[in-house]
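Student: sequence first, then the predicted structure:
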Amino acid sequence: MAGTGTAHLHPDDDVVLRVEDLVVEFPVRGGTVQAVSGISFDVRRGETLGLVGESGCGKSTTGRAILQLPAPTSGSVRLGGDELTELSGEALRAVRPRLQMILQDPISSMNPRRTVHQIVSEGLDIWGYDGDRAALVAETLEAVGLDPDQVHGRRAHQFSGGQSQRICIARALVMRPEVLVCDEPVASLDVSVQAQIINLLEDLKQQHDLSLVFIAHDLAVVKSISDRIAVMYLGKLCEVAPSDEMFARPAHPYTRVLLESVPVPDPAHPVGRTELAGELPSPLDPPSGCRFRTRCPRATEVCAAEEPVLTGVGAGHFVACHHPHTVAATEPAELAVAEC
Amino acid sequence: MAIPDVTQESRPEVPVLIEGVDGPAAAPRSMRVRKWLSTTVSRLGLGLAFGWILLVVGSAVFADLLPLAEARDTSAAIDTPSLERPDLFSAHPFGTDRQGLDILGGVIYGARVSLTVGIGAVLTGLVVGGLLGVLAGFYRGRVEAVVNFATDALIAFPPLILLLALVTVMEPSVRNVTLGLAVLGIPTYIRIARANTLVIMQREFVLEARVIGARNARILFREIVPNVLSSLVSYGFVVIAVLIVAEASLSYLGLSVQRPNPTWGNMIAAGQSSLERHPHLVLVPGLVLFLTVFALNRIGEAARSAWDPRGRS
Amino acid sequence: MLKALSLKLLRLAAILLLVSLGAFFLLDLVPGDPAAAVLGEGATPEQFAEVRAELGLDRPAMERYADWMGGILTGDFGRSMQPPVQEVSDVIAARLPVTLEIALLAMVMAVGVAVPLALWSAQRVGRIDDGIIGLGTSAAVSVPSFLAALLLIYAVIFNTSMVIAVLSGIFGVVAGACLCRAAWGLSRERTVAAGLPWLLSAAAAGLGAALVLTGFPDFPRQGFVRIEDGGLSENLRSVFLPALTLAIVECAVFTRILRNDLINTLGEDFVLFARAKGMPTWWVLLRHALRPSSLSLVTVAGVAFGRLIGGTVIVEVIFRVPGMGSMLIESIQSKDYPIVQAGILLIAGVYVLMNALVDISYTVIDPRLRHGHS
């Protein structure tokens, strides 16, 4: 996998966020963790890009690198006309409101000693909002489905996970961001609550003309919200495609494995045939060539020697693989889609 | 697929009571009784501890207003009988010492010194050590290395030796002893503050504050300090207790406030030569010292288990 | 791991250097002229010049420090300022073993009592006896060592008969209780094994009572008898009370730490598993719980021993024991700076080394740390 390459990027001006050749490395004892190794993607206005991969593949690191927390080792992150990697200090801080983030653990995301009102209005205080702060906070809380009068003076520990996540969304929303990075926003929530939060995000996206980067390990969750999906493996992109296309015609062997692992609530449904052999290789010492080759059923010599580059296989469908699946539809994946 | 559209928020978790692990034979009823008994006893103990500390603080603050017999001026006590035995219903409830000074009065004025020194040193240590620790944990890198090295160097001296070294070169006044003891408490506070800061920094609300665009100072004082402070304060009681013992030890060695100004330590030192015949000279200030330290330790333990998640066992 | 170790050693060297600088330049912090402090009032200018030269105050600071350090590294600590003038190294050679003996004895007593107490307490968490042990250790921690020493003197020396009565009474009650428990166990299970541990405990307690009643030693109020002068028993008699004073607090600290650790360990799955296999309680405690729990005890005991070398000051003063602590106090009072400097350097040095040793032994004791998963 593992493609580098930028063939899948959009040339048009409608792109809000463009990430090019992003590299994030962490020095640790005994080497360097190559968390993200040269990935590129873009998000158009009003679009939701889903970023999927198993844990440890570098998707959260990518999300944080977009926000320069911490700044990537190299590469470019452009928000509108601003190159974020070249900004620092006050200049970077000035851009922050345009780019907000929601994290996996909503309860840990709220300072236990502060009230909901303080948490939501903090951004307004920092940026010296002139209007009626209390009214704006109340309006935003209402927008995320909370009763402002009730939650206003309460603290983090008095809320359930779903309610907390709503507060975190309100905190981000009040900044009027252009791009919202959602880092596993529903992974720690009950399944029933997941749906509500995803619906809420979808509504808000439409109302506020937001662009979303939606990071998750659960393909099913990503599918329902994303316009396009990018699949990551060990710090590299495998495949980028519009959501339906990805589920209908997965071209990368890894994507197929991921799709097959989505549980289908039907006892008659055949269990996925392909199983991943072995474990995720260490990001300290990733395999040569295609990073997926050590676990790939289709790997040949060329995969070890040469790194595949993202190439188009359909409308907006790009894959980084030497031996992609070219057959139109594949049964297990299609069945999974049908159940959605 | 996996996302059923359910509109009701999940209810918060219902706490599950876990029965004690040991003793499978123990009947639930006897366990409940035991539990009730132990909570009642510990609450009662805590109440007594608070009561005692309030009594000591109150009498130290209002010492000048209390109808006490002369406890500090030997020339004014020249007419009072010396070495009186304690008699709760006399003018000298706890007796008098060799010079006829009132022991009760001495203990109360001694409480002034002990409390001033203990609380003053803890506050100084808390502010200086807490700030250094938070800064070290927040900025990491070089700041942390310097602070850590300074802490290690301070801790390298055994506490009493450090104190002895300090008092070798300083006049033994309340202010200097307070400063010396503050130095003793600083490393502890640095470590607690730094460790707690590192934990808080991992919490996602710090990241969120940055995302919103908060400056370092705002993150430090709004997000981190309030969360670190509670564990610092909860350790404060125990540290006060330790420092009161340290002050008493110094006064006992004659290296703190000097006679005839009474401190618990110098009263005990003055009385030890008559230990066999007149044990009250040692036992009264000793008991007051012990009860105060004991009460502070109990309160400190309770505060730690209530406020500081790391203090829970 | 080798890299980590050398880093630790480097740090240790840096701290030792700092400690030596601190100990040495203490002299320069003395308000006014240290020579005046040494001589007192009414000294002649010649005497002044002489003392200043002796202290090296007429030379640049770094040169003095280099000289001093050089001397110490070759075993020359200088000479004392006050009569009788003698080599500082001789003074220390006479004093250090005394302090070491007291500290060691205190540690042995503290650990010897703390381990069974903690084992007992940990497996009876939340019961009355655990509560009493908890309260007792918490109280013992709250007694300043000088107060503990005076109380011991008051009880053991001035009210010996009362102490004998109380001690033998306690032993008697314990022996009686153990006998009853043994009889109950025997009558219920009718096997010797059921009653044997209790019978043995009863016998031990009875022996204790008998020993207290017949041979309660006559402890001296103060002073120290060297083994060469009075033999081992005289020597032990003279250090028993000072060591006991120190042991009380340490024992309480050790008990609390070991108890908490044991409770954590006893809650772990492998202990539950051992119990499920039907292992007897004492076997589980000793074989499965004690070893993994002793890590922090070793740490704390190591640090405590390092601290005791300097922490015996008060006890040595009260019991008039000629150790390092009383040496330090005497020389501070008589402004004998060379001894103060050497004393502080030595005590702090031992303390630092002890801490470093504990730090390093961590990696050796804990198999998880040894294999580099830190």
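Tutor: On my side now, so go ahead.
Student: rounded mean pLDDT for the lengthiest helix in chain A, please.
Tutor: Secondary structure of chain A per DSSP state H: the longest helix is helix A:191-208. Mean pLDDT, computed over helix A:191-208, is 90.
Student: the next helix or strand after that helix packs against which elements?
Tutor: Using DSSP states H and E, the helix or strand that follows helix A:191-208 towards the C-terminus is strand A:211-216. Applying 3 or more Cβ pairs under 8 Å, 6 or more residues apart in numbering or on different chains; DSSP states H and E, one finds that strand A:211-216 contacts strand A:15-28, strand A:31-44, strand A:48-52, helix A:59-66, strand A:179-183, helix A:191-208, helix A:219-225. (Glycine included, C-beta is placed from N, CA and C.)
Student: how big is the angle separating strand A:211-216 from strand A:31-44?
Tutor: 140 degrees (axes from the mean of the first three to the mean of the last three Cα atoms, to 10 degrees).
Student: check the secondary structure at residue A:231 for me.
Tutor: On the three-state scheme (DSSP: H, G, I helix; E, B strand; the rest coil), residue A:231 is labelled strand.
Student: how much space between the residue in the stretch 51-200 of chain C that chain B sits nearest to and residue B:121?
Tutor: Of all residues in the stretch 51-200 of chain C, residue C:142 sits closest to chain B, at 4.0 Å by Cβ to the nearest Cβ. Going from residue C:142 to residue B:121 by Cβ to Cβ, to the nearest Å gives 18 Å.
Student: these two: which is more packed in?
Tutor: Between residue C:142 and residue B:121, residue B:121 has the larger neighbour count (other Cβ atoms under 10 Å in any protein chain shown), namely 27 against 23.
Student: surely the more buried one forms part of a strand?
Tutor: No. Using three-state DSSP, the secondary structure at residue B:121 is helix, not a strand.
Student: how about the nearest residue to it, chain neighbours excluded?
Tutor: Nearest residue to residue B:121 in three dimensions, chain neighbours excluded: residue B:181, at 3.8 Å (Cβ to Cβ, 6 or more residues apart in numbering or on different chains).
Student: then that neighbour would be within a strand, right?
Tutor: No. Judged by three-state DSSP, residue B:181 forms no part of a strand; its state is helix.
Student: tally of neighbours for residue 287?
Tutor: Using chain A here. Neighbours of residue A:287 (other Cβ under 10 Å): 19.
Student: meant chain C, my bad for not saying
Tutor: With other Cβ under 10 Å as criterion, residue C:287 counts 11.
Student: the residue nearest to residue B:121 against residue B:167, yeah?
Tutor: No. Between residue B:181 and residue B:167 there is no contact under Cβ atoms under 8 Å: 10.3 Å.
Student: those two: which has the busier surroundings?
Tutor: Neighbours per residue (other Cβ under 10 Å) separate residue B:181 from residue B:167, with residue B:181 holding more: 28 against 19.
Student: distance of the more buried one from residue B:170?
Tutor: For residue B:181, the distance to residue B:170 - Cβ to Cβ - is 12 Å.
Student: what's the answer for residue C:297, then?
Tutor: For residue C:297 relative to residue B:170 (Cβ to Cβ), the value is 37 Å.
Student: give me the more crowded residue out of these two.
Tutor: It is residue C:297, of residue C:297 and residue B:170, that has more neighbours when counted by other Cβ under 10 Å, with 21 against 17.
Student: need the per-residue pLDDT for residue A:34.
Tutor: So, for residue A:34, pLDDT stands at 89.
Student: list the contacts of it.
Tutor: Taking Cβ atoms under 8 Å, 6 or more residues apart in numbering or on different chains as the contact definition, residue A:34 lies against A:23, A:25, A:235, A:283, A:284, A:286.
Student: looks like residue B:122 contacts residue B:240 (just checking).
Tutor: Yes. Assessed by Cβ under 8 Å, residue B:122 is found in contact with residue B:240 at 5.0 Å.
Student: in PyMOL, how would I select just the buried ones from the contacts of residue A:34?
Tutor: A single PyMOL command is used to select the members of the contacts of residue A:34 judged buried by 16 or more other Cβ atoms under 10 Å in any protein chain shown:
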select buried, chain A and resi 23+25+235+283+286
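Student: farthest-separated two in the contacts of residue A:34?
Tutor: A:23 and A:284 (15.1 Å; Cβ to Cβ).
Student: in the longest helix along chain C, what counts as buried?
Tutor: Counting by DSSP H, the longest helix found in chain C is helix C:227-266. For helix C:227-266, burial by neighbour count (16+ other Cβ under 10 Å) applies to C:235-263, C:265-266.
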